[in-house]
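# Here's my sequence, what's the structure:
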Amino acid sequence: MQSIPVKGETLLLEPIGNHCRGTAFVNYNHIINEDLHRVFDNICKPIQGFYYGRFDLKVKSIEDLYKGENIKIMELNGASSEPGHIYDKHYTLLKAYKDLSQHWIRLSNISRYNMRNGYKPVSFSTIVKTYFKFIVFKK
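Next up, the predicted model:
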(Lines give C-alpha, C1' and ligand atoms only; values in the text may rest on other atoms or scores of the structure.)
Protein backbone atom coordinates (compact mmCIF):
# COMPACT_ATOMS: atom_id res chain seq x y z
CA MET A 1 0.00 0.00 0.00
CA GLN A 2 3.03 2.28 0.38
CA SER A 3 4.30 2.03 -3.20
CA ILE A 4 3.09 1.65 -6.76
CA PRO A 5 4.96 -0.85 -8.96
CA VAL A 6 6.33 0.54 -12.20
CA LYS A 7 4.89 -0.82 -15.44
CA GLY A 8 6.28 -4.29 -16.15
CA GLU A 9 7.67 -4.77 -12.63
CA THR A 10 7.06 -8.20 -11.09
CA LEU A 11 6.03 -8.05 -7.47
CA LEU A 12 5.74 -11.09 -5.21
CA LEU A 13 2.55 -10.63 -3.23
CA GLU A 14 2.60 -13.87 -1.22
CA PRO A 15 5.44 -16.42 -1.22
CA ILE A 16 3.26 -19.42 -0.28
CA GLY A 17 -0.30 -20.35 -1.29
CA ASN A 18 -2.84 -19.27 1.27
CA HIS A 19 -6.64 -19.48 1.03
CA CYS A 20 -7.23 -16.27 2.96
CA ARG A 21 -4.72 -14.24 0.94
CA GLY A 22 -6.21 -14.81 -2.48
CA THR A 23 -4.18 -17.73 -3.80
CA ALA A 24 -5.79 -19.43 -6.79
CA PHE A 25 -5.88 -23.22 -6.41
CA VAL A 26 -5.88 -25.03 -9.74
CA ASN A 27 -6.73 -28.68 -10.42
CA TYR A 28 -3.83 -30.26 -12.30
CA ASN A 29 -4.82 -33.90 -11.77
CA HIS A 30 -4.67 -34.38 -15.56
CA ILE A 31 -0.84 -34.36 -15.40
CA ILE A 32 -0.70 -37.40 -13.11
CA ASN A 33 1.04 -40.28 -14.87
CA GLU A 34 3.47 -43.13 -14.12
CA ASP A 35 6.48 -40.79 -14.19
CA LEU A 36 4.88 -38.65 -11.49
CA HIS A 37 4.02 -41.72 -9.42
CA ARG A 38 7.66 -42.83 -9.62
CA VAL A 39 8.95 -39.39 -8.57
CA PHE A 40 6.71 -39.25 -5.51
CA ASP A 41 7.37 -42.88 -4.61
CA ASN A 42 11.07 -41.98 -4.49
CA ILE A 43 10.37 -38.93 -2.36
CA CYS A 44 8.06 -40.79 0.04
CA LYS A 45 9.82 -44.14 0.55
CA PRO A 46 12.36 -42.76 3.08
CA ILE A 47 9.54 -41.28 5.21
CA GLN A 48 8.71 -44.17 7.54
CA GLY A 49 4.98 -44.57 8.16
CA PHE A 50 3.97 -42.06 5.49
CA TYR A 51 1.42 -43.47 3.08
CA TYR A 52 -0.76 -40.60 2.05
CA GLY A 53 -0.74 -36.83 2.04
CA ARG A 54 -0.42 -33.67 0.02
CA PHE A 55 2.76 -31.92 -1.01
CA ASP A 56 2.79 -28.16 -1.46
CA LEU A 57 5.66 -27.56 -3.84
CA LYS A 58 7.27 -25.34 -6.40
CA VAL A 59 8.85 -26.64 -9.58
CA LYS A 60 10.30 -24.87 -12.62
CA SER A 61 8.32 -26.87 -15.19
CA ILE A 62 6.10 -29.91 -15.66
CA GLU A 63 9.02 -31.60 -17.42
CA ASP A 64 11.22 -31.09 -14.35
CA LEU A 65 8.43 -32.46 -12.17
CA TYR A 66 8.25 -35.63 -14.29
CA LYS A 67 12.05 -36.01 -14.01
CA GLY A 68 12.08 -35.27 -10.27
CA GLU A 69 14.34 -32.24 -10.77
CA ASN A 70 14.24 -28.67 -9.41
CA ILE A 71 11.42 -29.52 -6.98
CA LYS A 72 11.14 -27.45 -3.81
CA ILE A 73 8.86 -29.03 -1.25
CA MET A 74 7.36 -26.17 0.72
CA GLU A 75 5.18 -28.29 2.96
CA LEU A 76 4.17 -31.91 3.45
CA ASN A 77 0.63 -32.31 4.74
CA GLY A 78 -0.25 -35.71 6.13
CA ALA A 79 -3.51 -37.50 6.77
CA SER A 80 -5.26 -34.43 8.15
CA SER A 81 -4.75 -32.50 4.92
CA GLU A 82 -7.43 -32.11 2.33
CA PRO A 83 -7.17 -32.31 -1.46
CA GLY A 84 -6.29 -28.77 -2.54
CA HIS A 85 -7.53 -29.19 -6.10
CA ILE A 86 -11.15 -29.08 -4.93
CA TYR A 87 -10.75 -25.31 -4.45
CA ASP A 88 -10.22 -24.74 -8.18
CA LYS A 89 -12.86 -22.17 -9.16
CA HIS A 90 -13.92 -24.41 -12.06
CA TYR A 91 -14.44 -27.46 -9.83
CA THR A 92 -18.05 -28.27 -9.05
CA LEU A 93 -19.34 -28.78 -5.53
CA LEU A 94 -20.55 -32.28 -6.42
CA LYS A 95 -17.09 -33.28 -7.71
CA ALA A 96 -15.50 -31.80 -4.58
CA TYR A 97 -17.81 -33.85 -2.35
CA LYS A 98 -17.03 -36.98 -4.39
CA ASP A 99 -13.26 -36.38 -4.09
CA LEU A 100 -13.53 -35.72 -0.35
CA SER A 101 -15.49 -38.95 0.07
CA GLN A 102 -12.80 -40.90 -1.82
CA HIS A 103 -10.15 -39.15 0.27
CA TRP A 104 -11.80 -40.26 3.53
CA ILE A 105 -12.24 -43.83 2.23
CA ARG A 106 -8.50 -43.99 1.43
CA LEU A 107 -7.67 -42.71 4.90
CA SER A 108 -9.99 -45.27 6.46
CA ASN A 109 -8.32 -48.07 4.49
CA ILE A 110 -4.87 -46.88 5.54
CA SER A 111 -5.99 -46.70 9.18
CA ARG A 112 -7.34 -50.26 9.09
CA TYR A 113 -4.12 -51.47 7.45
CA ASN A 114 -2.03 -49.74 10.13
CA MET A 115 -4.13 -51.20 12.96
CA ARG A 116 -3.79 -54.72 11.50
CA ASN A 117 -0.03 -54.14 11.55
CA GLY A 118 0.21 -53.15 15.21
CA TYR A 119 -0.32 -49.40 15.15
CA LYS A 120 -2.76 -48.13 17.76
CA PRO A 121 -5.03 -45.21 16.94
CA VAL A 122 -4.79 -42.05 18.99
CA SER A 123 -7.22 -42.18 21.90
CA PHE A 124 -10.24 -39.90 21.96
CA SER A 125 -9.02 -38.30 25.18
CA THR A 126 -5.69 -37.42 23.53
CA ILE A 127 -7.55 -35.81 20.63
CA VAL A 128 -9.68 -33.74 23.03
CA LYS A 129 -6.64 -32.69 25.10
CA THR A 130 -4.76 -31.68 21.96
CA TYR A 131 -7.76 -29.76 20.67
CA PHE A 132 -8.04 -27.74 23.86
CA LYS A 133 -4.28 -27.19 24.08
CA PHE A 134 -3.75 -25.94 20.53
CA ILE A 135 -7.14 -24.69 19.38
CA VAL A 136 -9.23 -23.49 22.29
CA PHE A 137 -6.48 -22.11 24.51
CA LYS A 138 -4.17 -20.99 21.70
CA LYS A 139 -2.40 -17.75 22.56
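# Dihedrals phi and psi, the spatially most central residue of the chain?
Nearest to the geometric centre of the chain sits Arg54, at 2.8 Å (Cα atoms, centre = their mean). Note on Arg54: backbone dihedrals following degrees, to the nearest 10 are phi -130, psi 130.
# how close does it sit to Glu34?
Arg54 sits 20 Å away from Glu34, taking Cβ to Cβ, to the nearest Å as the criterion. From N, CA and C alone the C-beta is placed, and that goes for glycine too.
# right, and the residue nearest to the centre of the chain touches Ala79 too?
No. Assessed by Cβ atoms under 8 Å, Arg54 is found out of contact with Ala79, at 9.9 Å.
# related to what we said a few turns ago, let me see the contact set for the residue nearest to the centre of the chain.
76-77, 81-84 (Cβ atoms under 8 Å, 6 or more residues apart in numbering).
# from those residues, which ones fall inside strands?
Per DSSP state E, strands hold the following members of these: 76-77.
# which of the contacts of Arg54 count as buried?
Neighbour counting by 16 or more other Cβ atoms under 10 Å classes 83-84 among the contacts of Arg54 as buried.
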